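**Student:** pasting the structure only:
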(Lines give C-alpha, C1' and ligand atoms only; values in the text may rest on other atoms or scores of the structure.)
Protein backbone atom coordinates (compact mmCIF):
# COMPACT_ATOMS: atom_id res chain seq x y z
CA UNK A 1 0.00 0.00 0.00
CA UNK A 2 2.87 2.31 0.86
CA UNK A 3 4.62 1.55 -2.46
CA UNK A 4 1.48 2.27 -4.51
CA UNK A 5 0.97 5.61 -2.75
CA UNK A 6 4.58 6.50 -3.36
CA UNK A 7 4.29 5.66 -7.06
CA UNK A 8 1.13 7.79 -7.33
CA UNK A 9 2.91 10.74 -5.71
CA UNK A 10 5.93 10.28 -7.97
CA UNK A 11 3.70 10.23 -11.06
CA UNK A 12 2.05 13.44 -9.87
CA UNK A 13 5.46 15.06 -9.46
CA UNK A 14 6.49 13.90 -12.93
CA UNK A 15 3.30 15.36 -14.44
CA UNK A 16 4.00 18.70 -12.76
CA UNK A 17 7.58 18.61 -14.08
CA UNK A 18 6.36 17.93 -17.63
CA UNK A 19 3.82 20.77 -17.40
CA UNK A 20 6.55 23.17 -16.25
CA UNK A 21 8.82 22.05 -19.09
CA UNK A 22 5.96 22.51 -21.58
CA UNK A 23 5.30 26.09 -20.46
CA UNK A 24 8.98 26.99 -20.43
CA UNK A 25 9.69 25.38 -23.78
CA UNK A 26 6.78 27.20 -25.39
CA UNK A 27 8.36 30.52 -24.42
CA UNK A 28 11.73 29.32 -25.67
CA UNK A 29 10.16 28.22 -28.96
CA UNK A 30 8.68 31.65 -29.53
CA UNK A 31 12.01 33.35 -28.83
CA UNK A 32 14.01 30.85 -30.93
CA UNK A 33 12.02 31.73 -34.03
CA UNK A 34 14.29 34.76 -34.43
CA UNK A 35 18.01 34.36 -33.85
CA UNK A 36 20.33 37.01 -32.40
CA UNK A 37 21.40 38.46 -35.75
CA UNK A 38 17.80 38.65 -37.00
CA UNK A 39 16.66 40.22 -33.72
CA UNK A 40 19.42 42.81 -34.10
CA UNK A 41 18.20 43.62 -37.63
CA UNK A 42 14.62 43.97 -36.38
CA UNK A 43 15.73 46.32 -33.59
CA UNK A 44 17.69 48.43 -36.09
CA UNK A 45 14.67 48.66 -38.40
CA UNK A 46 12.39 49.76 -35.56
CA UNK A 47 14.99 52.19 -34.14
CA UNK A 48 15.52 53.77 -37.55
CA UNK A 49 11.77 54.16 -38.02
CA UNK A 50 11.29 55.73 -34.58
CA UNK A 51 14.16 58.16 -35.16
CA UNK A 52 12.90 59.24 -38.60
CA UNK A 53 9.34 59.54 -37.27
CA UNK A 54 10.56 61.66 -34.35
CA UNK A 55 12.45 63.98 -36.73
CA UNK A 56 9.19 64.71 -38.55
CA UNK A 57 7.81 66.25 -35.31
CA UNK A 58 4.32 64.97 -36.07
CA UNK A 59 3.29 64.58 -32.43
CA UNK A 60 4.51 68.10 -31.60
CA UNK A 61 2.66 69.54 -34.59
CA UNK A 62 -0.54 67.73 -33.62
CA UNK A 63 -0.29 69.16 -30.10
CA UNK A 64 0.50 72.64 -31.49
CA UNK A 65 -2.37 72.43 -33.98
CA UNK A 66 -4.84 71.47 -31.25
CA UNK A 67 -3.59 74.25 -28.94
CA UNK A 68 -3.77 76.91 -31.65
CA UNK A 69 -7.25 75.76 -32.63
CA UNK A 70 -8.40 75.87 -29.00
CA UNK A 71 -6.82 79.32 -28.47
CA UNK A 72 -8.56 80.69 -31.57
CA UNK A 73 -11.95 79.38 -30.46
CA UNK A 74 -11.43 80.76 -26.93
CA UNK A 75 -10.36 84.17 -28.27
CA UNK A 76 -13.39 84.27 -30.61
CA UNK A 77 -15.70 83.73 -27.63
CA UNK A 78 -13.97 86.55 -25.71
CA UNK A 79 -14.18 88.76 -28.82
CA UNK A 80 -17.93 88.16 -29.15
CA UNK A 81 -18.42 89.00 -25.47
CA UNK A 82 -16.44 92.25 -25.82
CA UNK A 83 -18.37 93.26 -28.92
CA UNK A 84 -21.66 92.70 -27.09
CA UNK A 85 -20.36 94.77 -24.14
CA UNK A 86 -19.36 97.59 -26.54
CA UNK A 87 -22.83 97.55 -28.09
CA UNK A 88 -24.46 97.67 -24.66
CA UNK A 89 -22.18 100.42 -23.29
CA UNK A 90 -22.50 102.42 -26.53
CA UNK A 91 -26.29 102.36 -26.11
CA UNK A 92 -25.92 103.63 -22.51
CA UNK A 93 -23.54 106.39 -23.63
CA UNK A 94 -25.95 107.46 -26.36
CA UNK A 95 -28.83 107.70 -23.88
CA UNK A 96 -26.73 109.78 -21.48
CA UNK A 97 -25.52 112.12 -24.22
CA UNK A 98 -29.11 112.65 -25.33
CA UNK A 99 -29.94 113.55 -21.72
CA UNK A 100 -27.01 116.02 -21.70
CA UNK A 101 -24.83 113.90 -19.42
CA UNK A 102 -21.17 113.36 -20.36
CA UNK A 103 -19.83 110.19 -18.68
CA UNK A 104 -16.06 110.22 -19.05
CA UNK A 105 -15.60 106.89 -17.20
CA UNK A 106 -17.98 105.19 -19.63
CA UNK A 107 -16.05 106.61 -22.58
CA UNK A 108 -12.81 105.29 -21.03
CA UNK A 109 -14.43 101.85 -20.63
CA UNK A 110 -15.45 101.84 -24.29
CA UNK A 111 -11.94 102.89 -25.30
CA UNK A 112 -10.44 99.96 -23.36
CA UNK A 113 -12.98 97.53 -24.79
CA UNK A 114 -12.22 98.75 -28.30
CA UNK A 115 -8.48 98.26 -27.71
CA UNK A 116 -9.14 94.70 -26.49
CA UNK A 117 -11.24 93.95 -29.59
CA UNK A 118 -8.43 95.18 -31.83
CA UNK A 119 -5.87 93.11 -29.89
CA UNK A 120 -8.01 89.94 -30.03
CA UNK A 121 -8.63 90.31 -33.76
CA UNK A 122 -4.88 90.57 -34.24
CA UNK A 123 -4.37 87.47 -32.05
CA UNK A 124 -6.91 85.50 -34.08
CA UNK A 125 -5.30 86.58 -37.36
CA UNK A 126 -1.79 85.66 -36.16
CA UNK A 127 -2.93 82.33 -34.70
CA UNK A 128 -4.83 81.58 -37.93
CA UNK A 129 -1.66 82.02 -39.98
CA UNK A 130 0.26 79.82 -37.54
CA UNK A 131 -2.54 77.25 -37.70
CA UNK A 132 -2.39 77.16 -41.51
CA UNK A 133 1.40 76.77 -41.44
CA UNK A 134 1.18 74.03 -38.79
CA UNK A 135 -1.51 72.23 -40.77
CA UNK A 136 0.63 72.36 -43.89
CA UNK A 137 3.69 71.09 -42.00
CA UNK A 138 1.59 68.39 -40.34
CA UNK A 139 0.16 67.24 -43.67
CA UNK A 140 3.65 67.08 -45.19
CA UNK A 141 4.94 65.24 -42.13
CA UNK A 142 2.15 62.68 -42.31
CA UNK A 143 2.93 62.05 -45.98
CA UNK A 144 6.59 61.60 -45.11
CA UNK A 145 5.62 59.34 -42.20
CA UNK A 146 3.60 57.15 -44.55
CA UNK A 147 6.67 56.82 -46.77
CA UNK A 148 8.90 56.07 -43.76
CA UNK A 149 6.41 53.44 -42.59
CA UNK A 150 6.35 51.87 -46.06
CA UNK A 151 10.14 51.60 -45.97
CA UNK A 152 9.94 50.05 -42.50
CA UNK A 153 7.23 47.59 -43.55
CA UNK A 154 9.18 46.61 -46.67
CA UNK A 155 12.27 46.02 -44.54
CA UNK A 156 10.33 43.90 -42.03
CA UNK A 157 8.69 41.92 -44.85
CA UNK A 158 12.12 41.27 -46.36
CA UNK A 159 13.37 40.15 -42.94
CA UNK A 160 10.29 37.94 -42.58
CA UNK A 161 11.02 36.23 -45.90
CA UNK A 162 14.66 35.78 -44.85
CA UNK A 163 13.70 34.19 -41.51
CA UNK A 164 11.05 32.06 -43.19
CA UNK A 165 13.61 30.83 -45.72
CA UNK A 166 16.01 29.93 -42.90
CA UNK A 167 13.35 27.91 -41.08
CA UNK A 168 12.36 26.12 -44.28
CA UNK A 169 16.00 25.20 -44.96
CA UNK A 170 16.44 24.02 -41.37
CA UNK A 171 13.33 21.86 -41.78
CA UNK A 172 15.23 19.81 -44.39
CA UNK A 173 18.16 19.06 -42.08
CA UNK A 174 18.33 16.21 -39.55
CA UNK A 175 19.53 17.34 -36.11
CA UNK A 176 21.17 14.85 -33.76
CA UNK A 177 20.92 15.37 -30.01
CA UNK A 178 21.42 13.65 -26.65
CA UNK A 179 18.73 13.68 -24.01
CA UNK A 180 19.29 12.87 -20.33
CA UNK A 181 16.68 12.43 -17.62
CA UNK A 182 15.50 10.43 -14.64
CA UNK A 183 12.48 8.35 -13.69
CA UNK A 184 10.97 6.93 -10.51
CA UNK A 185 10.30 3.25 -11.09
CA UNK A 186 8.62 0.59 -9.01
CA UNK A 187 11.32 -1.23 -7.04
CA UNK A 188 9.81 -4.54 -8.12
CA UNK A 189 10.16 -3.94 -11.89
CA UNK A 190 13.29 -4.37 -13.93
CA UNK A 191 15.25 -1.59 -15.60
CA UNK A 192 14.16 -2.55 -19.13
CA UNK A 193 10.51 -2.87 -18.08
CA UNK A 194 10.56 0.60 -16.51
CA UNK A 195 12.26 2.15 -19.55
CA UNK A 196 9.89 0.54 -22.06
CA UNK A 197 6.83 1.49 -20.00
CA UNK A 198 7.94 5.11 -19.77
CA UNK A 199 9.40 5.42 -23.29
CA UNK A 200 6.37 7.33 -24.70
CA UNK A 201 6.60 9.81 -21.79
CA UNK A 202 10.36 10.19 -22.29
CA UNK A 203 9.86 10.90 -26.02
CA UNK A 204 7.07 13.35 -25.25
CA UNK A 205 9.20 15.19 -22.68
CA UNK A 206 12.02 15.50 -25.22
CA UNK A 207 9.67 16.81 -27.92
CA UNK A 208 8.19 19.33 -25.48
CA UNK A 209 11.67 20.50 -24.49
CA UNK A 210 12.25 21.36 -28.16
CA UNK A 211 9.02 23.31 -28.52
CA UNK A 212 6.43 20.61 -29.08
CA UNK A 213 5.11 18.69 -32.06
CA UNK A 214 4.48 21.94 -33.94
CA UNK A 215 8.23 22.68 -33.87
CA UNK A 216 9.98 19.35 -34.45
CA UNK A 217 9.38 15.94 -36.00
CA UNK A 218 11.22 12.98 -34.47
CA UNK A 219 13.13 10.83 -36.95
CA UNK A 220 14.75 8.60 -34.33
CA UNK A 221 14.82 8.10 -30.56
CA UNK A 222 16.61 5.36 -28.61
CA UNK A 223 17.59 4.98 -24.95
CA UNK A 224 21.26 3.96 -25.13
CA UNK A 225 22.19 3.83 -21.45
CA UNK A 226 20.36 3.60 -18.12
CA UNK A 227 21.20 2.93 -14.46
CA UNK A 228 18.80 2.09 -11.64
CA UNK A 229 19.27 2.45 -7.90
CA UNK A 230 17.85 0.13 -5.28
CA UNK A 231 15.12 2.64 -4.38
CA UNK A 232 13.82 2.58 -7.97
CA UNK A 233 15.38 5.86 -9.16
CA UNK A 234 16.46 5.46 -12.78
CA UNK A 235 18.75 7.70 -14.85
CA UNK A 236 18.88 7.40 -18.63
CA UNK A 237 20.65 8.75 -21.70
CA UNK A 238 18.92 8.74 -25.09
CA UNK A 239 20.13 9.48 -28.62
CA UNK A 240 17.59 11.49 -30.61
CA UNK A 241 17.37 12.77 -34.17
CA UNK A 242 14.74 15.17 -35.49
CA UNK A 243 13.85 17.73 -38.10
CA UNK A 244 12.53 21.22 -37.48
CA UNK A 245 8.93 21.60 -38.64
CA UNK A 246 7.78 24.66 -40.55
CA UNK A 247 4.00 24.79 -40.42
CA UNK A 248 1.27 27.40 -40.57
CA UNK A 249 1.48 27.66 -36.78
CA UNK A 250 5.17 28.51 -37.03
CA UNK A 251 4.36 31.15 -39.61
CA UNK A 252 1.67 32.67 -37.37
CA UNK A 253 4.13 32.80 -34.45
CA UNK A 254 6.76 34.38 -36.67
CA UNK A 255 4.35 37.02 -37.96
CA UNK A 256 3.37 37.88 -34.38
CA UNK A 257 7.01 38.11 -33.33
CA UNK A 258 7.63 40.57 -36.18
CA UNK A 259 4.39 42.48 -35.50
CA UNK A 260 3.02 41.43 -38.88
CA UNK A 261 -0.44 40.43 -37.66
CA UNK A 262 -1.96 42.92 -40.07
CA UNK A 263 -1.74 42.53 -43.83
CA UNK A 264 -0.16 45.45 -45.69
CA UNK A 265 -0.72 45.95 -49.42
CA UNK A 266 -1.17 48.64 -52.07
CA UNK A 267 -3.98 49.56 -54.46
CA UNK A 268 -2.81 51.55 -57.49
CA UNK A 269 -4.46 53.13 -60.50
CA UNK A 270 -3.50 55.35 -63.42
CA UNK A 271 -6.02 57.99 -62.27
CA UNK A 272 -6.07 60.12 -59.11
CA UNK A 273 -9.89 60.04 -59.21
CA UNK A 274 -10.05 56.30 -58.50
CA UNK A 275 -11.74 55.16 -55.26
CA UNK A 276 -11.08 51.72 -53.80
CA UNK A 277 -13.52 49.53 -51.86
CA UNK A 278 -13.11 46.28 -49.92
CA UNK A 279 -16.45 44.50 -49.41
CA UNK A 280 -18.22 47.79 -50.27
CA UNK A 281 -16.27 49.70 -47.60
CA UNK A 282 -14.19 52.58 -48.97
CA UNK A 283 -10.51 52.34 -48.01
CA UNK A 284 -9.11 55.33 -49.92
CA UNK A 285 -8.80 57.30 -53.16
CA UNK A 286 -5.97 58.30 -55.47
CA UNK A 287 -3.32 56.83 -57.73
CA UNK A 288 -1.88 54.92 -54.76
CA UNK A 289 -3.58 53.81 -51.55
CA UNK A 290 -1.69 51.95 -48.81
CA UNK A 291 -3.98 49.62 -46.86
CA UNK A 292 -3.28 47.89 -43.55
CA UNK A 293 -5.70 45.57 -41.79
CA UNK A 294 -6.54 42.09 -40.57
CA UNK A 295 -7.67 40.78 -43.96
CA UNK A 296 -7.86 36.98 -43.90
CA UNK A 297 -9.49 35.05 -46.74
CA UNK A 298 -10.97 36.20 -50.05
CA UNK A 299 -12.42 39.71 -50.34
CA UNK A 300 -14.41 41.55 -52.98
CA UNK A 301 -12.27 44.48 -54.18
CA UNK A 302 -13.76 47.22 -56.35
CA UNK A 303 -12.14 50.24 -58.04
CA UNK A 304 -14.45 53.03 -59.24
CA UNK A 305 -13.48 55.90 -61.55
CA UNK A 306 -15.94 58.37 -63.10
CA UNK A 307 -18.80 55.87 -62.96
CA UNK A 308 -16.67 53.05 -64.35
CA UNK A 309 -15.81 50.10 -62.12
CA UNK A 310 -13.53 47.09 -61.98
CA UNK A 311 -13.97 44.29 -59.46
CA UNK A 312 -11.87 41.34 -58.38
CA UNK A 313 -12.08 38.54 -55.84
CA UNK A 314 -8.70 38.69 -54.13
CA UNK A 315 -6.85 36.85 -51.41
CA UNK A 316 -5.11 39.97 -50.11
CA UNK A 317 -1.49 39.23 -49.24
CA UNK A 318 1.37 41.01 -47.52
CA UNK A 319 3.32 43.14 -49.94
CA UNK A 320 0.59 42.81 -52.56
CA UNK A 321 0.49 45.45 -55.30
CA UNK A 322 -2.89 45.52 -57.08
CA UNK A 323 -3.16 47.70 -60.19
CA UNK A 324 -6.49 48.92 -61.63
CA UNK A 325 -6.08 50.77 -64.96
CA UNK A 326 -8.78 52.97 -66.50
CA UNK A 327 -9.06 54.37 -70.01
CA UNK A 328 -8.35 58.10 -70.27
CA UNK A 329 -11.56 58.81 -72.20
CA UNK A 330 -14.85 58.27 -70.42
CA UNK A 331 -17.60 56.61 -72.39
CA UNK A 332 -20.56 54.88 -70.83
CA UNK A 333 -21.07 52.93 -74.06
CA UNK A 334 -17.52 51.61 -73.99
CA UNK A 335 -17.32 50.57 -70.36
CA UNK A 336 -20.29 49.12 -68.53
CA UNK A 337 -19.55 46.96 -65.49
CA UNK A 338 -22.84 45.15 -65.12
CA UNK A 339 -23.37 44.07 -68.67
CA UNK A 340 -25.83 41.23 -68.60
CA UNK A 341 -28.21 39.34 -66.38
CA UNK A 342 -29.26 35.76 -65.88
CA UNK A 343 -32.18 36.50 -68.19
CA UNK A 344 -29.86 36.84 -71.19
CA UNK A 345 -27.71 33.85 -70.16
CA UNK A 346 -30.83 31.68 -70.14
CA UNK A 347 -31.40 32.51 -73.83
CA UNK A 348 -28.02 31.01 -74.76
CA UNK A 349 -27.86 27.20 -75.27
CA UNK A 350 -25.88 25.42 -72.57
CA UNK A 351 -23.35 24.12 -75.09
CA UNK A 352 -22.44 27.71 -76.05
CA UNK A 353 -22.56 29.47 -72.68
CA UNK A 354 -18.82 30.10 -72.68
CA UNK A 355 -18.92 31.89 -76.04
CA UNK A 356 -20.06 35.50 -76.41
CA UNK A 357 -20.58 37.43 -79.61
CA UNK A 358 -20.46 41.14 -80.32
CA UNK A 359 -24.23 41.47 -79.88
CA UNK A 360 -23.90 40.48 -76.24
CA UNK A 361 -21.54 43.41 -75.71
CA UNK A 362 -23.94 45.84 -77.40
CA UNK A 363 -25.03 48.48 -74.83
CA UNK A 364 -28.64 48.47 -76.05
CA UNK A 365 -28.88 44.73 -75.42
CA UNK A 366 -27.26 45.24 -72.06
CA UNK A 367 -29.84 47.83 -71.09
CA UNK A 368 -32.68 45.49 -72.03
CA UNK A 369 -31.17 42.60 -70.13
CA UNK A 370 -30.38 44.52 -66.94
CA UNK A 371 -33.90 45.90 -66.73
CA UNK A 372 -35.32 42.38 -66.99
CA UNK A 373 -33.77 41.09 -63.82
CA UNK A 374 -31.69 43.64 -61.89
CA UNK A 375 -31.39 41.47 -58.78
CA UNK A 376 -29.55 38.59 -60.45
CA UNK A 377 -26.88 40.51 -62.35
CA UNK A 378 -23.66 39.13 -63.73
CA UNK A 379 -20.58 41.07 -64.76
CA UNK A 380 -16.99 40.78 -65.86
CA UNK A 381 -13.98 40.61 -63.55
CA UNK A 382 -10.27 40.58 -64.28
CA UNK A 383 -8.09 38.04 -62.49
CA UNK A 384 -4.45 38.96 -61.91
CA UNK A 385 -2.44 35.93 -63.03
CA UNK A 386 1.02 37.52 -62.90
CA UNK A 387 2.67 40.91 -62.35
CA UNK A 388 6.19 42.17 -62.92
CA UNK A 389 7.73 45.63 -63.09
CA UNK A 390 6.67 46.15 -66.71
CA UNK A 391 3.20 44.59 -67.03
CA UNK A 392 0.23 43.23 -65.11
CA UNK A 393 -1.33 40.22 -66.87
CA UNK A 394 -5.10 40.05 -66.44
CA UNK A 395 -7.38 37.15 -67.36
CA UNK A 396 -10.95 38.41 -68.05
CA UNK A 397 -13.64 36.28 -66.46
CA UNK A 398 -17.42 36.11 -66.67
CA UNK A 399 -18.72 36.49 -63.09
CA UNK A 400 -22.17 35.13 -62.24
CA UNK A 401 -24.06 34.91 -58.98
CA UNK A 402 -22.75 31.46 -58.07
CA UNK A 403 -19.90 30.69 -60.46
CA UNK A 404 -17.43 32.24 -62.85
CA UNK A 405 -15.41 31.10 -65.85
CA UNK A 406 -12.91 32.40 -68.39
CA UNK A 407 -14.28 34.82 -70.95
CA UNK A 408 -14.37 33.64 -74.58
CA UNK A 409 -14.63 36.35 -77.31
CA UNK A 410 -13.83 36.73 -80.98
CA UNK A 411 -10.61 38.59 -81.77
CA UNK A 412 -12.22 41.99 -82.44
CA UNK A 413 -14.15 41.93 -79.16
CA UNK A 414 -11.06 40.73 -77.29
CA UNK A 415 -9.03 43.66 -78.65
CA UNK A 416 -11.89 46.04 -77.81
CA UNK A 417 -12.14 44.62 -74.29
CA UNK A 418 -8.44 45.11 -73.57
CA UNK A 419 -8.12 48.54 -75.20
CA UNK A 420 -11.32 50.21 -73.98
CA UNK A 421 -11.65 48.64 -70.55
CA UNK A 422 -8.06 48.27 -69.43
CA UNK A 423 -5.98 50.51 -71.75
CA UNK A 424 -4.03 47.37 -72.59
CA UNK A 425 -3.21 45.03 -75.46
CA UNK A 426 -3.15 41.34 -76.37
CA UNK A 427 0.14 39.50 -75.73
CA UNK A 428 2.54 38.21 -78.36
CA UNK A 429 3.73 34.60 -78.57
CA UNK A 430 6.91 35.62 -76.70
CA UNK A 431 4.83 37.23 -73.95
CA UNK A 432 2.80 34.03 -73.49
CA UNK A 433 5.98 31.95 -73.35
CA UNK A 434 7.44 34.35 -70.78
CA UNK A 435 4.22 34.17 -68.78
CA UNK A 436 4.34 30.36 -68.70
CA UNK A 437 7.70 30.54 -66.93
CA UNK A 438 5.99 31.99 -63.86
CA UNK A 439 2.42 30.70 -63.88
CA UNK A 440 0.24 27.92 -65.28
CA UNK A 441 -2.18 28.88 -68.02
CA UNK A 442 -5.48 27.03 -68.31
CA UNK A 443 -5.35 24.50 -71.18
CA UNK A 444 -6.59 25.98 -74.45
CA UNK A 445 -6.02 28.63 -77.11
CA UNK A 446 -5.42 32.34 -76.43
CA UNK A 447 -5.64 35.26 -78.86
CA UNK A 448 -2.33 36.91 -79.84
CA UNK A 449 -1.58 40.31 -81.36
CA UNK A 450 -1.07 38.77 -84.83
CA UNK A 451 -4.62 37.41 -84.99
CA UNK A 452 -3.49 33.86 -84.37
CA UNK A 453 -3.80 31.86 -81.16
CA UNK A 454 -1.24 30.64 -78.65
CA UNK A 455 -1.74 27.06 -77.47
CA UNK A 456 -0.89 26.59 -73.79
CA UNK A 457 -0.75 22.84 -74.45
CA UNK A 458 1.55 22.88 -77.51
CA UNK A 459 3.37 26.05 -76.35
CA UNK A 460 3.39 27.63 -79.81
CA UNK A 461 1.45 30.06 -81.99
CA UNK A 462 -1.09 28.44 -84.34
CA UNK A 463 -3.85 29.38 -86.74
CA UNK A 464 -7.19 29.75 -85.01
CA UNK A 465 -9.43 26.69 -84.78
CA UNK A 466 -12.44 28.51 -83.32
CA UNK A 467 -13.89 31.99 -83.73
CA UNK A 468 -13.99 32.62 -79.97
CA UNK A 469 -11.08 31.97 -77.62
CA UNK A 470 -9.65 32.91 -74.26
CA UNK A 471 -7.37 35.94 -74.07
CA UNK A 472 -5.15 37.87 -71.68
CA UNK A 473 -4.75 41.64 -71.39
CA UNK A 474 -1.24 43.06 -70.85
CA UNK A 475 -1.52 46.26 -68.80
CA UNK A 476 1.56 48.49 -68.87
CA UNK A 477 2.81 49.47 -65.40
CA UNK A 478 4.52 52.61 -66.72
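**Tutor:** Cool, got the structure. Keep in mind the model is a prediction, meaning the values are calculated, not measured. Numbering: from 1, shown residues only.

**Student:** list the buried ones in stretch 89-108?
**Tutor:** Of all the residues in stretch 89-108, those buried under the rule 16 or more other CB atoms under 10 Å are 89, 93, 106. All C-beta atoms are positioned from the backbone trio N, CA, C, and that covers glycine.

**Student:** looking at those residues, which are in helices?
**Tutor:** For the buried residues of stretch 89-108, the ones inside helices are 89, 93, 106, with DSSP state H as the criterion.

**Student:** shaky segments in the stretch 301-450 of the chain?
**Tutor:** Across the stretch 301-450 of the chain, the stretches falling below the confidence threshold (pLDDT under 70) are 328-378, 400-403.

**Student:** just the helices in the stretch 151-300 of the chain please.
**Tutor:** Shown for the stretch 151-300 of the chain, the helices assigned by DSSP state H, counting those that start in this stretch span residues 191-209, 248-257.

**Student:** meant to ask about the stretch 1-150 of the chain, not that
**Tutor:** Assigned by DSSP H, counting those that start in this stretch, the stretch 1-150 of the chain shows helices spanning 2-32, 36-55, 58-98, 104-170.

**Student:** how distant is the last one from the center of its chain?
**Tutor:** It refers to helix 104-170. 27 Å (CA atoms, centre = their mean, to the nearest Å).

**Student:** got JSON lines for the helices of the stretch 1-150 of the chain, with mean pLDDT too?
**Tutor:** Compiled in JSON lines, the helices of the stretch 1-150 of the chain are given as follows (pLDDT from 0 to 100):
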{"stretch": "helix 2-32", "mean pLDDT": "40"}
{"stretch": "helix 36-55", "mean pLDDT": "91"}
{"stretch": "helix 58-98", "mean pLDDT": "89"}
{"stretch": "helix 104-170", "mean pLDDT": "88"}
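
**Student:** between those, which one is closest to residue 276.
**Tutor:** Comparison of the helices of the stretch 1-150 of the chain against residue 276 by CB to CB identifies helix 104-170 as nearest, at 15.8 Å.

**Student:** now the angle between helix 248-257 and that closest one, please.
**Tutor:** With axes from the mean of the first three to the mean of the last three CA atoms, to 10 degrees applied, the angle from helix 104-170 to helix 248-257 works out at 150 degrees.

**Student:** how big is the angle separating helix 104-170 from helix 58-98?
**Tutor:** Using the same axes, to 10 degrees, helix 104-170 lies at 170 degrees relative to helix 58-98.

**Student:** so which elements touch helix 104-170?
**Tutor:** Judged by 3 or more CB pairs under 8 Å, 6 or more residues apart in numbering; DSSP states H and E, helix 104-170 is in contact with helix 36-55, helix 58-98, helix 248-257.

**Student:** how about a cut-off of 6 Å?
**Tutor:** With contacts taken as 3 or more CB pairs under 6 Å, 6 or more residues apart in numbering; DSSP states H and E, helix 104-170 sits against helix 36-55, helix 58-98.

**Student:** from residue 235, how far out is residue 208?
**Tutor:** Using CB to CB, to the nearest Å, one gets 19 Å for the distance from residue 208 to residue 235.

**Student:** for the two, indicate the residue with more neighbours.
**Tutor:** Neighbour tally, residue 208 and residue 235, criterion other CB atoms under 10 Å: the higher count belongs to residue 208, 21 against 13.

**Student:** quick one, phi psi at the residue of the chain positioned farthest from its centre?
**Tutor:** If you look at how far each residue of the chain sits from its centre, by CA atoms, centre = their mean, the farthest one is residue 100, at 80.2 Å. Per-residue torsions, residue 100: phi 90, psi 20 (degrees, to the nearest 10).

**Student:** show me what contacts the closest residue to residue 171 other than its chain neighbours?
**Tutor:** For residue 171, the nearest residue in space outside its immediate sequence neighbours is residue 246; the separation is 4.5 Å by CB to CB, 6 or more residues apart in numbering. By CB atoms under 6 Å, 6 or more residues apart in numbering, the residues touching residue 246 are 167, 168, 171.

**Student:** before we move on, back to that, of the helices and strands packed on helix 104-170, give the one that comes closest to residue 290.
**Tutor:** Evaluated with CB to CB, the helices and strands packed on helix 104-170 place helix 36-55 nearest to residue 290, the distance being 15.0 Å.

**Student:** can you spell out the domain ranges of this structure, please?
**Tutor:** 2-32+172-245, 48-168, 263-476 (automatic domain parsing).

**Student:** including distance to residue 255, could the ones you listed go into TSV?
**Tutor:** Formatted as TSV, the entries for the domains of the chain read as follows, by distance: least, CB to CB, whole Å:
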stretch	distance to residue 255
domain 2-32+172-245	12
domain 48-168	7
domain 263-476	9
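
**Student:** most tightly packed of the ones you listed?
**Tutor:** Scoring the domains of the chain by mean neighbour count under mean count of other CB atoms under 10 Å gives domain 263-476 as the most buried, with a mean of 16.

**Student:** hang on, the earlier thing: pick the one among the buried residues of stretch 89-108 closest to residue 230.
**Tutor:** Distances from residue 230 to the buried residues of stretch 89-108, taken by CB to CB, are shortest for residue 89, at 109.6 Å.

**Student:** nearest to residue 254, out of the domains of the chain?
**Tutor:** domain 48-168 (6.2 Å).

**Student:** and the closest one, how far apart are its ends?
**Tutor:** 29 Å (CA to CA, to the nearest Å).

**Student:** do stretch 447-455 as well
**Tutor:** Separation of the first and last residues of stretch 447-455 by CA to CA is 9 Å.
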